[in-house]
Every structure is written in C-alpha cells, then in structure tokens.
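J.: below is the sequence, then the predicted model.
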Amino acid sequence: MTMVGEMAGRVLAIDPGAVRIGVAVSNTAQTMAFPRPVVLAGSDALQRLVAMVDEEEVVAVVIGLPRTLTGGEGASAAMARGLADELRAALEHRAVAVELVDERFTTVQASAALRAAGSSAKQQKGAIDSAAAAVLLQSVLDGRTP
C-alpha cells in the first residue's frame, strides 16, 4: 500500500495537531527516522512543510491519520485529510507522493520511549509530536503499521 521504498530518497512524516505539527525525516536509505523540530500550526505551516520537503530533498510524505480504536474517524482525522489535500496541491509540480497512514498508538509509543529516556511529562510537551512522527515513520520504513 505504501509508496515508501519505491523511490530513493528521504521520506517526511507528519503528525498533525491543532497546535503543533510533529515532523520526522528518514535517511536517504529509508532505514532510520529522525525527529525534527515541530512546526507550529497556523497560517504559514503549509509553507514551512513545503520548504522542508525542498530542503530535505523529500521524495514521499506520510501523514498520520488518527483513527479511533474501532477504526472510525473524527475531527482530527478530518484535519489530517485536509492537510494531506493541501500538501498534495502545494506539491503538485514536484514528484512527491503524499499518503495517509494509520497512526493509532504512535503518541503512546513516543511518550513511553521519551519516559524511558528520562523525560518527564513536562519535558515531553515540546518533543512528543515529532517523536510520534518518528515512531510513525520508523513503522512505515520497517514495513509495518504502528
């Protein structure tokens, strides 16, 4: 289902949020995910993501699609779908695929990893979104869903 691995180059993962957008990027071999600083949601967020695609020479983008435990979709999923549509339109003249990927449990996994590394809940606030994007991306790179 995923286009990751079909083209050589970096993959960008996005964990969309109403306040912060978590981002992570792979190495060019598409074997490891690295968190990047969050992008603040707002009027210039789309332009910042497009700039990141260009700067990192990204060939594919995966956007986390938050689903409920039963597989349903709510307001957050609608926001992720809207971001995917906007990003596809902004990247239409580039050879960059944009795909939505189920992101259930990525934030839980990222929080557990940060806690295991010694981060308190307060310290996690700024890092959790991009850590979740890295968990999502690493799962995609490993060929499994998170």
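T.: Now that the structure is in, tell me what you want to look at.

J.: what about the lengthiest helix in the chain, distance to the chain center?
T.: The residue-count maximum for a helix in the chain (DSSP state H) belongs to helix 75-90. Distance of helix 75-90 from the chain centroid (Cα atoms, centre = their mean, to the nearest Å) equals 12 Å.

J.: ditto for stretch 41-51
T.: In terms of Cα atoms, centre = their mean, the centre of stretch 41-51 is found 14 Å from the chain centre.

J.: ditto for stretch 75-95
T.: Offset of stretch 75-95 from its chain centre (Cα atoms, centre = their mean): 12 Å.

J.: what does it contact?
T.: Outside stretch 75-95, the residues that touch it by Cβ atoms under 8 Å, 6 or more residues apart in numbering are 7, 14, 16, 18, 46, 49-50, 53, 59, 61, 63-67, 98-100. Where you see a C-beta, it was placed from the backbone N, CA and C, and this is true even at glycine.
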